[in-house]
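Trainee: sequence first, predicted model second:
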Amino acid sequence: MAIRFYNTLTRAKEDFAPLAPGEVRMYTCGPTVYNFAHIGNFRAYIFEDLLRRHLKYRGFKVTQIMNLTDVEDKVIRACRETGEPRESLTKRYIAAFFEDLDTLGIERAEQYPAATDYVPEMVALIKTLRERGHTYEHRGSIYFKLDTFPQYGRLSHFRIEDLKDGASGRVDLDEYDPESAKDFALWKAYVPEDGDIYWETELGKGRPGWHIECSAMSMKLLGESFDIHTGGEDNMFPHHENEIAQSEAATGKPFVRYWLHCRHLMVEGRKMSKSLGNFHTLRDLVERGYNPMAIRWVLIATHYRQPNNFSFDALEAANESLQRIQDFRRRLADVRGSGSDLREEMAACETAFGSALDDDLNVSAGLAAVFNFIRDTNKLIDEDAISKAGAAGALALLDRLHSVTGLFAGAKDDAVPDEIQQLVLERQKARRAKNFAQADAIREHLTAAGWIVEDTPDGPRVKRALERVI
Ligand code: AMP
Ligand code: ZN
């Protein structure tokens, strides 16, 4: 079965076929680096991570470009408010962003262009638009003339004539409402509030608008037409609509074939956002002891086009799912029998998982297939009905599923340190001597250090506690 994606442009699920067979070129709107990203932003980046991983699992070569917006209204405001130079402020948050990607197990894109490294490309694109009659100048700024691009609104599905005021007037802000589609700034003339943030170019002294940044960088690095463009639903208008207008007006070619947008992460019914103040950064949560993989779980396990409401209960449930996977892996590693090789069960699980993801990344159905497999296989382990080879096969299957979801790895650091091993032995001795008070005290000590001891017929088994406090 073909891979299908819901294309915002056509509002339909479509079979996916890249322009160059076997290769996918995709562009992802990245962070504005004036602050730490919040976990709402990471819902978008994790959906894109799942998308790239699944395409790779299906054998495509993926080239993903994610930009870093290091000059834009919000960056300039942050510099003005803190007095910190743009270079150092954005550098700090870029470094933090990469750390956060690693914490959440998000695979690296092929390239992370920073907007300020592509100003000449932006200037060239604006010049092309000017030559083709799509721009006008007002007080040194250059605007895109919306009525020169009649297809405007195709992505977000509105017609300019239907808007309250029509496309009248101009807008200088990088972000504005759907109610007010207007001629937008491609190049912003210098104003004193910009401080030392400006470029002297053929277009005058000033800086690029946010929208032109993504058109220039994506076409420079992926070509004038490419396969997939992604972002959160708030990017659809005006940002992506403007990107289409700028790019297609300049080249006369279709810009992007498939537009994929994820719904917002919500908190009590409202979008998680910096401006509403209802956000958690990843760092806050990790500092408070939450397991980053549980956060990944919560962000990825709800289909990207379904509403996802963040809650601490959901994090706890995710921890339990992770724990079940760890337990399952350990049980498989302990299998010594000579029963079923699980071949059919594994094939059924992987087929169900793969076709669920092929269907517009239906991860919830994919995870359900895996949990069915875990439940059924656990029963077989209870009955001692699995061969060692079958168990090894199941572990390899989990590794393949992990390559798509990033959720099924073995615990990273399973090796039990010597001092912990020593404590487990001492507890054993105390138990044998019927000194239960001491044995319990040692167990508490181990728990505080993040280790769980289970007493099994084969003796004590020690494992790392995944749940790092709630
Ligand atoms: P920004 O740094 O504001 O440009 O946002 C970076 C990315 O995060 C964009 O793709 C946004 O669409 C996305 N985003 C922002 N808030 C949320 C949210 N609450 N849920 C999901 N994605 C979001
Ligand atoms: Zn963008």
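Mentor: Structure's in. What do you need? Numbers count the residues shown, from 1 in each chain. Ligands and ions are numbered 1, 2, ... in the order given.
Trainee: ok, and the helix or strand in this structure with the lowest average confidence?
Mentor: When each helix and strand of the chain is scored by mean pLDDT, DSSP states H and E, strand 459-464 comes last, with a mean of 74.
Trainee: so what strands line up beside that strand?
Mentor: strand 451-456 (antiparallel) (DSSP bridges).
Trainee: ok now the partner strand, how far from the chain's centre?
Mentor: 35 Å (Cα atoms, centre = their mean, to the nearest Å).
Trainee: same deal with stretch 375-382?
Mentor: The answer for stretch 375-382 is 33 Å, by Cα atoms, centre = their mean.
Trainee: ditto for stretch 311-326
Mentor: Using Cα atoms, centre = their mean, the offset of stretch 311-326 from its chain centre is 19 Å.
Trainee: before we move on, what about stretch 264-279?
Mentor: Distance, centroid of stretch 264-279 to centroid of chain: 17 Å (Cα atoms, centre = their mean).
Trainee: near ligand 2, which residues of this protein?
Mentor: C29, C214 (Cβ under 5 Å from the ion). Where you see a C-beta, it was placed from the backbone N, CA and C, and this is true even at glycine.
Trainee: tell me how the chain divides into domains.
Mentor: 4-271, 319-405, 418-464 (automatic domain parsing).
Trainee: pipe the ones you listed into JSON lines and attach distance to ligand 1 and mean neighbour count per row.
Mentor: Listed next are the domains of the chain as JSON lines, based on distance: least, Cβ to the nearest ligand atom, whole Å; neighbours: other Cβ atoms under 10 Å:
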{"stretch": "domain 4-271", "distance to ligand 1": "2", "mean neighbour count": "19"}
{"stretch": "domain 319-405", "distance to ligand 1": "15", "mean neighbour count": "18"}
{"stretch": "domain 418-464", "distance to ligand 1": "31", "mean neighbour count": "14"}
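Trainee: could you tell me the least trusted of these?
Mentor: Comparing mean pLDDT across the domains of the chain, the weakest is domain 418-464, with a mean of 84.
Trainee: CA atoms of the least confident helix or strand of the chain as PDB?
Mentor: Output in PDB follows, covering the C-alpha atoms of strand 459-464 (Å, rounded to 0.1, in the frame of the first residue of the first chain):
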ATOM      1  CA  GLY A 459      17.100 -14.500  43.300                       C
ATOM      2  CA  PRO A 460      16.900 -10.700  43.400                       C
ATOM      3  CA  ARG A 461      16.800  -8.800  40.100                       C
ATOM      4  CA  VAL A 462      17.800  -5.200  40.100                       C
ATOM      5  CA  LYS A 463      16.700  -2.600  37.500                       C
ATOM      6  CA  ARG A 464      16.700   1.100  37.000                       C
END
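Trainee: hmm, who's touching it?
Mentor: 326, 330, 411, 413-414, 416, 420-421, 424, 427-428, 446, 450-455 (Cβ atoms under 8 Å, 6 or more residues apart in numbering).
Trainee: and if we set it to 10 Å?
Mentor: Strand 459-464 has contacts (Cβ atoms under 10 Å, 6 or more residues apart in numbering) with 323, 326-327, 330, 334, 411-416, 420-421, 423-425, 427-428, 431, 443, 446, 449-455.
Trainee: how far off centre is that strand?
Mentor: The answer for strand 459-464 is 35 Å, by Cα atoms, centre = their mean.
Trainee: ranges for the helices of the chain?
Mentor: 39-57, 73-82, 86-103, 119-131, 210-222, 241-251, 282-287, 292-300, 312-334, 343-358, 363-382, 388-405, 418-432, 436-448 (DSSP state H).
Trainee: with distance to E200 added, can I get these in CSV?
Mentor: Listed next are these as CSV, based on distance: least, Cβ to Cβ, whole Å:
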stretch, distance to E200
helix 39-57, 33
helix 73-82, 17
helix 86-103, 16
helix 119-131, 10
helix 210-222, 17
helix 241-251, 22
helix 282-287, 38
helix 292-300, 42
helix 312-334, 50
helix 343-358, 49
helix 363-382, 48
helix 388-405, 48
helix 418-432, 62
helix 436-448, 61
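Trainee: to P192, which of those helices lies closest?
Mentor: Proximity to P192 (Cβ to Cβ) singles out helix 73-82 among those, at 10.5 Å.
Trainee: restrict that closest one to CA atoms and write it as CSV.
Mentor: Extracted C-alpha coordinates of helix 73-82, given in CSV (Å, rounded to 0.1, in the frame of the first residue of the first chain):
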residue,chain,number,x,y,z
ASP,A,73,10.5,40.9,15.3
LYS,A,74,10.6,38.8,18.4
VAL,A,75,14.4,38.4,18.3
ILE,A,76,14.8,42.2,18.0
ARG,A,77,12.4,42.8,20.8
ALA,A,78,14.3,40.4,23.1
CYS,A,79,17.6,42.1,22.2
ARG,A,80,16.2,45.5,22.9
GLU,A,81,14.7,44.4,26.2
THR,A,82,17.8,42.6,27.5
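Trainee: how about CSV for the domains of the chain, with distance to D284 added?
Mentor: Shown next, in CSV, are the domains of the chain (distance: least, Cβ to Cβ, whole Å):
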stretch, distance to D284
domain 4-271, 9
domain 319-405, 17
domain 418-464, 21
